[in-house]
Each structure stands twice: as structure tokens, then as C-alpha cells.
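Colleague: Quick one: sequence and predicted model below, then my questions.
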Amino acid sequence: MPSHIWWPLLARNGFRVSPSRLHLAVALVFFAPINDLMAVTQHLIHGRAIRRTKLAGPPLFILGHWRSGTTLMHEMLQLDERYASPNTFQCFAPWHFLLSEKLIRRFGNFLLPDRRPMDNMKVGWSLPQEDEFALMVLGAPTPYYRIAFPNNPVPYLDSLGSQSFKPRDLQRWKIDIDWFFRALTYHTGKPLIIKSPPHTGRLGILADMYPEAKFIHMVRDPRKLYPSTKKMWRALADVQSLQSTDDEERLHRYVIDCLHRMYDSFEIDRQRLPSDRIIDVHYEELVEHPIETIKSIYEQLNLGDSQPIVTKLTDRQGKDDDYQPNQHLSNDELERVIQQDWSDYSRRYGYS
């Protein structure tokens with residue numbers, strides 16, 4: 001994270017860093033000048049070309065609540081070589097990935113764990129990643145700044161909905177996301193597959209910015225979503241937070257509130273999209289029948305010939321048998337929370 005993003009973030013949060021996390025803050029202070037130098041260098045070399053770059057085709061967006069299967073869908077679709085997806089390094093170093101990616105991907109694998117902390121999926125610099133992290137590092141309005149300061153009020157919650165996004169913040173957000181898409185296109189020359197759960201509530205904004213874009217919307221049993229999402233935020237806080245936290249009630253409210261904000265906006269926005277631009281995909285169906293599900297997506301969204309990706313998926317089946325999804329036990333209290341707070345989602349997508 002460059003200095004002009006890092007220091008204002010620290011100041012907005014009152015420099016409230018837990019003593020046990022000081023080493024993380026010190027590391028950010030140390031690397032900020034390096035990021036500054038690399039960012040300036042990339043801008044001088046590639047800035048004009050990025051600004052002139054046009055997208056190679058309409059983006060394909062993967063939407064859905066956290067832990068609904070968006071990552072699994074992303075990793076499947078990136079097998080289609082006609083598209084490109086932002087990878088982990090590009091999302092965490094958008095300011096200078098054009099200069100530094102080859103070096104880090106070759107020598108920096110030790111910087112990442114083998115598996116994601118919230119589940120059992122593999123981690124790697126070259127694996128597809130959600131662009132919300134790139135937006136955060138670029139300084140765009142996003143609630144992901146909560147990851148660094150989970151004990152403080154969550155910033156930019158209004159950015160989770162098309163209707164609630166503040167105009168000034170939205171203008172900055174549009175500039176940053178469009179720049180990142182142009183940089184990726186300049187680098188790859190291909191149409192993009194973009195996955196980010198917060199984009200679910202921004203469906204209308206994205207549909208207006210990219211009038212030919214297509215959308216895959218993942219849904220999953222909320223009795224799995226709720227505990228899995230809480231575990232995800234805990235895991236991210238344990239690894240990346242600058243504050244020690246164990247406030248379960250604060251986390252509970254955040255998880256419940258995010259779904260309401262995202263889906264109140266999503267259900268309004270999707271009403272003006274035709275069926276050949278958006279499709280609902282149940283996570284359970286994707287896991288049970290991956291080939292048939294991918295075929296139906298390509299057919300409904302008119303994405304072209306699905307046979308190349310089907311062939312790769314068929315060859316890949318059985319190679320990831322070591323992956324076991326997390327198991328989440330249900331109980332009466334969880335059922336009450338889901339039926340009371342997420343009842344609309346449960347009913348609309350067949351999980352009542």
C-alpha cells in the first residue's frame with residue numbers, strides 16, 4: 001500500500017493499532033516508500049498507454065455473497081483461455097504489478113500460505129482473486145478497510161448498494177475500477193472475468209458502466225453462508241488485522257447488515273436486466289453437476305462455445321480430491337437467525 005493511502009487510513013482510525021500487531025504496521029511503514037517508487041515508475045512507463053487502452057470485450061462478473069461459491073466459479077471459468085482474470089498479485093499490487101509481478105511470482109511464493117485461512121482452497125500469486133482488494137489498495141471507497149481495523153466503525157458501508165453509494169465516493173470508485181480494468185486489459189489483451197462479492201449490490205452501476213457485461217450470481221444455503229462468512233472475517237482479522245478483536249456481537253451485526261445492504265440493492269437492479277445478461281447459480285448444483293452447470297451458463301448468457309472449458313473441466317475432475325469444504329453445524333439459534341434476518345434471501349432462492 002503506498003504512502004498516500006496508508007497514512008490517511010492510519011489517521012482516520014486514530015492510529016489505534018494493537019501492541020500485538022505493531023510488527024504489521026511497521027512492515028507497512030517500511031514497504032510504503034518502495035511501493036511509492038514502484039508506482040511512480042509504472043505510471044511514467046505505462047500510464048499513458050493504460051489510459052488509452054480500451055477493454056477487449058464486455059466483462060463477465062461473478063456476483064454473490066461471501067462464501068457462496070464465487071471463488072470456485074472464478075477458478076472454473078478462468079480455464080477458458082479466451083478470458084483473463086486478475087490474479088492475487090495484481091490485486092494486492094495494482095500500483096506496480098506491470099513491473100514487479102514476474103519477479104514476485106518467481107521468487108516470492110514463500111510470502112503466501114499454502115491454503116486460505118478461512119477454508120481449504122489453495123493460495124498462489126497466479127490464482128484468480130477478487131478485485132475489491134485492488135480497489136482497497138488503490139484507495140477506492142470500500143468496506144474492506146475494516147479488515148485492518150475491525151474494532152472501529154465500518155467505513156463506506158453505503159458503497160455496498162447502487163442506490164446508497166454517495167455521489168462523490170462513487171465518482172472516485174468508478175475512476176479506480178475502470179483504471180484497474182484498463183491496466184489488466186493492457187497487460188493481457190483479453191476480456192475480463194471479475195469476481196467480487198461487494199459488487200453484488202453494485203449491479204446497476206456495473207451494468208451502466210459496461211452495457212454489454214454479463215453477470216453470474218451465486219447463491220447458497222444461508223445456514224452455510226452465515227457461519228462460513230463469520231469464520232472468514234475472523235480468519236482475515238487473525239492474519240491481516242492491525243487490531244486484536246473478539247467482539248462476536250459486532251461481527252454478527254456486520255455479517256447480517258452486509259447481506260441486507262447488498263441484496264436490497266441487487267434485487268432492485270436486476271429487474272431491468274434481461275435473462276441473457278444474468279443467471280442465478282446454486283452452489284450446491286455447481287458442486288454436484290459442474291459440467292452441466294457451466295454449459296447452462298454459457299448457453300443462457302450467450303458466451304460462445306463451451307466445449308473448450310468443458311474439456312478442461314473434465315480433465316481436471318478428480319485432481320482436487322484433497323479439497324474438503326468446511327463443515328458447519330446447524331443449531332436452533334442459527335436457524336432462528338437465518339429465518340428472522342435472512343428470510344427474504346432464504347425464500348427467494350429456495351432455502352426456506
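Modeller: That came through fine. Numbering: from 1, shown residues only.
Colleague: Show me what the helix ranked longest in the chain is packed up against.
Modeller: Criterion DSSP state H: the longest helix present in the chain is helix 22-52. Applying 3 or more C-beta pairs under 8 Å, 6 or more residues apart in numbering; DSSP states H and E, one finds that helix 22-52 makes contact with helix 3-12, helix 97-107, helix 167-188. Just so you know, the C-beta spots here come from the backbone N, C-alpha and C atoms, and that holds for glycine as well.
Colleague: Could you point out the helix or strand that follows it?
Modeller: The helix or strand immediately downstream of helix 22-52 is strand 60-63, counting by DSSP states H and E.
Colleague: pull the CA atoms of that next one into PDB?
Modeller: The C-alpha trace of strand 60-63 is given here as PDB (Å, rounded to 0.1, in the frame of the first residue of the first chain):
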ATOM      1  CA  LEU A  60     -18.100 -11.200 -17.100                       C
ATOM      2  CA  PHE A  61     -18.900 -10.500 -13.500                       C
ATOM      3  CA  ILE A  62     -19.300 -13.200 -10.800                       C
ATOM      4  CA  LEU A  63     -21.600 -11.900  -8.000                       C
END
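Colleague: which secondary structure elements does it contact?
Modeller: Here strand 60-63 touches helix 70-77, strand 193-195, strand 214-219, going by 3+ C-beta pairs under 8 Å, 6+ apart.
Colleague: and these, which is most packed in?
Modeller: Comparing those by mean neighbour count (mean count of other C-beta atoms under 10 Å), strand 193-195 comes out on top with a mean of 25.
Colleague: For the nearest residue to residue 352 once chain neighbours are set aside, which residues are in contact?
Modeller: Closest residue to residue 352 apart from its sequence neighbours, by C-beta to C-beta, 6 or more residues apart in numbering: residue 346 at 4.9 Å. Residue 346 sits next to 222, 338, 339, 352 when contact means C-beta atoms under 8 Å, 6 or more residues apart in numbering.
Colleague: same thing with residue 23?
Modeller: Residue 23 neighbours (C-beta under 8 Å, 6+ apart): none.
Colleague: same thing with the one 5 residues further on?
Modeller: With contacts taken as C-beta under 8 Å, 6+ apart, residue 28 has the following neighbours: 1, 6.
Colleague: thinking again about what came up before, select only the buried ones of the contacts of residue 346 in ChimeraX?
Modeller: Of the contacts of residue 346, the buried ones go into a single ChimeraX selection, burial set by 16 or more other C-beta atoms under 10 Å:
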select :222,338
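Colleague: Mark which of the contacts of residue 346 are part of helices, please.
Modeller: Of the positions in those, 222, 338, 339 sit in helices, assigned by DSSP H.
Colleague: From the residues you listed, pick the one nearest residue 316.
Modeller: Nearest to residue 316 among the ones in helices among the contacts of residue 346: residue 222, at 29.0 Å, using C-beta to C-beta.
Colleague: ok, now how distant is the closest one from residue 251?
Modeller: 16 Å (C-beta to C-beta, to the nearest Å).
Colleague: just residue 83 next, same as before
Modeller: Taking C-beta to C-beta, one finds residue 83 at 35 Å from residue 251.
Colleague: more neighbours, those two?
Modeller: Taking neighbours as other C-beta atoms under 10 Å, residue 83 and residue 251 compare with residue 83 leading, 20 against 17.
Colleague: Distance of the more buried one relative to residue 59?
Modeller: With C-beta to C-beta as the criterion, residue 83 and residue 59 are 9 Å apart.
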